[in-house]
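Undergrad: The sequence and its predicted three-dimensional model are supplied below.
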Amino acid sequence: MLNPWRSEFSLILLALLVGVFLGKLFHYPILILWITVLTYLGHHLLHANRLIEWLRGGKANELPKGSGIWEEIYYLIFRLRRRNRRRKKQLIRLLDRFRTATAALPDATVVLSAGDQIDWFNDAAGKLLGLRRNDIGQKIGNLLRYPKFAHYLQHENYETTVGIPSPVHENIQLDIRIIPYGDDLRLLVAQDVTQLRFMERVRTDFVANVSHELRTPLTVIRGYVESLVDNADKLPENFGRALQRMEEQTLRMQTLIDDLLTLTRLESATHQITQQRVDVPSLLTEIHEEALDLVMESKPKLELSIETGAGLLGGRQELRSAFTNLIHNALKYCGDRDTVLVRWHDEAEGVRLDVSDTGPGIAAEYLPRLTERFYQVDPGRGTGGTGLGLAIVKHVLARHGAELKISSAIGKGSTFSCCFPGHRVYRHAGMTDESA
Ligand code: ADP
């Protein structure tokens with residue numbers, strides 16, 4: 001193709017030459033010049049009109065005829081339209097593939113628009129959530145009428161999931177997660193966890209039953225061992241040592257069973273958390289005094305610092321068990337010259353208990369595993385621990401909406417912090433900080 005501007009300028013030059021020649025010939029140069037300019041303008045208006053017609057409704061794959069710069073303009077627009085058409089086709093194909101894939105997903109998937117209205121859902125959503133085509137445009141909260149779900153939807157803390165029964169059949173248990181994306185859009189994914197919940201219940205019941213059944217024979221054995229230990233002086237010396245070991249081990253087994261029962265009780269969905277007003281300063285004072293009785297003269301120093309009078313809404317017994325575990329752990333793992341400091345204080349969003357010690361500390365690689373059941377950093381150390389203490393602490397805190405934070409450095413000590421959110425705190429009228 002010739003350079004369009006060159007051919008356009010050649011056309012203008014030719015028109016002017018013809019105009020000048022005719023002007024000279026007929027002695028009306030100005031008039032002839034006007035006619036030439038108007039003809040040139042008419043030529044452009046004609047092409048502009050052709051372009052508009054073509055863009056409005058002409059066939060996108062047919063290029064209008066043109067010359068000079070118009071040929072180039074038509075071609076460039078044609079190329080742009082062809083590229084857009086190809087891209088559109090690709091997008092449609094991609095969207096189709098995405099829809100087919102999400103439709104085949106076993107999990108219910110619902111696209112929610114800004115006002116929580118249903119935009120689209122897959123087949124599984126029809127089966128698990130009972131959605132029908134004419135529910136599109138409806139608010140999801142009007143169709144899934146469960147207070148837990150409504151709270152989850154409004155609360156906008158989508159890091160966790162919410163469990164509800166399926167509206168189709170109450171025996172189907174669903175785990176719902178909302179994933180925000182784009183501007184104000186949200187994806188609701190519901191997973192059928194009926195089988196999983198059933199297996200969890202079987203496991204919890206099994207552990208609870210076994211622990212319960214072991215408790216009675218163990219109490220009997222422990223009673224006999226204790227009375228034998230009391231009369232150890234009448235027995236040969238090596239019997240006495242063996243009996244002492246037996247007493248230690250039965251005590252350990254009893255602690256293990258008690259811890260297992262506590263854990264299964266905490267895990268059980270039917271075991272609802274009580275909403276007592278727990279006077280934490282007095283609870284901590286109580287635990288502190290008991291711990292002081294346990295700590296022998298040579299053991300680490302134990303200090304209590306109550307810096308707020310705030311209390312908590314929750315279960316006193318559960319909180320007692322969590323706090324005791326942390327304090328006893330610190331005392332258990334510290335040496336004679338160490339110090340354990342227990343601090344109860346306010347923080348920006350709520351209240352916090354810090355149990356800090358100057359003990360041996362824990363290497364960073366072990367920290368993420370500490371709250372796993374039966375996990376012990378050094379099982380051969382013979383502390384008599386069960387490895388269940390921190391798992392209990394984590395469960396109790398989770399039930400109170402709180403978080404366990406652990407910071408530690410080898411040779412420097414550890415701090416275990418229980419961070420309670422503002423909505424769990426209660427302060428009685430006239431209470432000021434430091435007034436506990
Ligand atoms: P255990 O019954 O063994 O104490 P826990 O679940 O309470 O079980 O603690 C898990 C592990 O975390 C312990 O075995 C110990 O290694 C480590 N640990 C807990 N508290 C401390 C602490 N204050 N200092 C050092 N290590 C600790």
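TA: Good, I have the coordinates.

Undergrad: Packing partners of the helix or strand where Gln317 lies?
TA: Counting by DSSP states H and E, the element that carries Gln317 is helix 316-333. When contacts are defined as 3 or more Cβ pairs under 8 Å, 6 or more residues apart in numbering; DSSP states H and E, helix 316-333 packs onto strand 276-278, helix 280-294, strand 339-347, strand 350-357, helix 389-399, strand 413-421. In short, each C-beta sits where N, CA and C put it, glycine included.

Undergrad: what angle do that helix and strand 413-421 make?
TA: If you take axes from the mean of the first three to the mean of the last three Cα atoms, to 10 degrees, helix 316-333 sits at 170 degrees to strand 413-421.

Undergrad: Check whether helix 316-333 comes near the ligand.
TA: Yes. Applying Cβ under 6 Å from any ligand atom, one finds helix 316-333 in contact with the ligand at 325, 329-330, 333.

Undergrad: so how far is that helix off the chain centroid?
TA: In terms of Cα atoms, centre = their mean, to the nearest Å, the centre of helix 316-333 is set 28 Å apart from its chain centre.

Undergrad: just stretch 201-211 next, same as before
TA: Relative to its parent chain, stretch 201-211 has a centroid offset of 29 Å by Cα atoms, centre = their mean.

Undergrad: Report the rounded mean pLDDT for that stretch.
TA: Mean per-residue pLDDT for stretch 201-211: 90.

Undergrad: Which residues outside that stretch are in contact with it?
TA: Residues from elsewhere that reach stretch 201-211, judged by Cβ atoms under 8 Å, 6 or more residues apart in numbering: 257, 260-261, 263-265, 267-268.

Undergrad: how about it: buried residues?
TA: 204, 207-208, 211 (16 or more other Cβ atoms under 10 Å).

Undergrad: can you redo those residues as JSON lines with secondary structure and distance to the ligand?
TA: Shown next, in JSON lines, are these (DSSP: H, G, I helix; E, B strand; the rest coil; distance: Cβ to the nearest ligand atom, whole Å):
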{"residue": "Thr204", "secondary structure": "helix", "distance to the ligand": "19"}
{"residue": "Val207", "secondary structure": "helix", "distance to the ligand": "17"}
{"residue": "Ala208", "secondary structure": "helix", "distance to the ligand": "20"}
{"residue": "Ser211", "secondary structure": "helix", "distance to the ligand": "16"}
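
Undergrad: Ignoring the adjacent residues along the chain, who's closest to Gly240?
TA: Nearest non-adjacent residue to Gly240, counting by Cβ to Cβ, 6 or more residues apart in numbering: Ala232, 3.9 Å away.

Undergrad: next one: Thr324
TA: Thr324 sits nearest to Ile287 (Cβ to Cβ, 6+ apart), 5.4 Å away.

Undergrad: Pretty sure the one you found sits against Phe323.
TA: Yes. Taking contacts as Cβ atoms under 8 Å, Ile287 lies within contact range of Phe323: 5.6 Å.

Undergrad: The two: which is more packed in?
TA: Ranked by neighbour count (other Cβ atoms under 10 Å), Ile287 and Phe323 place Phe323 first, with 23 against 19.

Undergrad: What distance do you get for the more buried one to Leu284?
TA: If you measure Phe323 against Leu284 using Cβ to Cβ, to the nearest Å, the figure is 7 Å.

Undergrad: do the same with Gly389
TA: To Leu284, Gly389 is 18 Å away according to Cβ to Cβ.

Undergrad: same question, Phe416
TA: 14 Å.

Undergrad: On the pLDDT front, check the most centrally placed residue in the chain for me.
TA: For the chain, the residue nearest the mean C-alpha position is Glu159 (2.2 Å; Cα atoms, centre = their mean). You'll see Glu159 listed with a pLDDT of 84.

Undergrad: what's the answer for Ser10, then?
TA: 84.

Undergrad: ok so Ile176 is a strand residue?
TA: Yes. Applying DSSP: H, G, I helix; E, B strand; the rest coil, one finds Ile176 inside a strand.

Undergrad: got any ranges where this protein has weak pLDDT?
TA: By pLDDT under 70, the low-scoring segments of the chain are 1-2, 269-272, 296-298, 381-384, 429-436.

Undergrad: Any residues of it in contact with the ligand? List them.
TA: Checking the chain against the ligand by Cβ under 6 Å from any ligand atom, the hits are 325, 329-330, 333, 357, 359-360, 362, 370, 375-378, 385-391, 414.
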